[in-house]
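Student: Sequence below, structure please.
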Amino acid sequence: MCSVSEDEPKVAVEELRRNREVGSGRWLFGWHIQNLTEQPINFLAARCPHEKFRSDERIFDPPLHATAGNNATIEMSVLCDEPAGTIVENAFLILLVEWLEASWRLFVRFRVTINQQGEPETATELITTQRVGFSRVG
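Tutor: So this is what the prediction gives:
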């Protein structure tokens, strides 16, 4: 019997909801993060660094936990105050996770489309991973 070796954490990300925060250009997003591996993943922190789709870093204390094949929901307050019809390319949700006793960064690349009601909608385009310390930078 052949066994498949997992060499990095794998997730799927889908937008669950977004609600405008009163009196600001901020939105409360909820994303469904599915653990696609056979090992648990702990979500330690998240941030959105794009100029037109940004948030402060959010540290999860205690960490969010997704067992093998299961899900976690991450909620973030994101500043996105662009006019209807705008498309924001290369927006990211960067997740710091612990998986198999190692720290990893998951880079979730979004295409953000501002719909005709002025609401930002995220669509996941690509998810890449990098082990923390890989380039000798923490």
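Student: can you tell me which residues contact the most centrally placed residue in the chain?
Tutor: For the chain, L93 is the residue whose C-alpha lies nearest the centre (Cα atoms, centre = their mean; 3.8 Å). Contact analysis of L93 by Cβ atoms under 8 Å, 6 or more residues apart in numbering lists V13, W31, A46, R47, C48, I74, M76, V108, F110. C-betas here are computed from N, CA, C, even on glycine.
Student: pLDDT weak spots in this protein?
Tutor: 1-6, 134-138 (pLDDT under 70).
Student: Strands of this structure, start to end?
Tutor: Using DSSP state E, the strands of the chain run over residues 11-20, 26-35, 41-47, 49-50, 53-54, 58-66, 71-79, 87-99, 102-114, 120-131.
Student: Next, report how far stretch 50-62 is displaced from the centre of its chain.
Tutor: Averaged C-alpha coordinates place stretch 50-62 at 9 Å from its chain's average position (Cα atoms, centre = their mean, to the nearest Å).
Student: State the pair within the contacts of L93 that is farthest apart.
Tutor: V13 and R47 (14.3 Å; Cβ to Cβ).
Student: I'd say T86 and I114 touch.
Tutor: Yes - under the contact definition of Cβ atoms under 8 Å, T86 touches I114, with a separation of 4.3 Å.
Student: still on that earlier bit, out of the contacts of L93, who's nearest T67?
Tutor: I74 (15.9 Å).
Student: Tell me who's in contact with the closest one.
Tutor: By Cβ under 8 Å, 6+ apart, the contact list for I74 reads G30, W31, I33, F43, A46, L64, L93, L95.
Student: can you count the residues close to the last one?
Tutor: The burial count assigned to L95 is 27, neighbours taken as other Cβ atoms under 10 Å.
Student: Okay, it and T86: tell me how far apart.
Tutor: Going from L95 to T86 by Cβ to Cβ, to the nearest Å gives 25 Å.
Student: In terms of neighbours, single out the busier of T86 and I114.
Tutor: Ranked by neighbour count (other Cβ under 10 Å), T86 and I114 place I114 first, with 19 against 15.
Student: Just to check, that one is in contact with G85?
Tutor: Yes - between I114 and G85 there is a contact at 6.3 Å, judged by Cβ under 8 Å.
Student: No further queries at this time; thank you.
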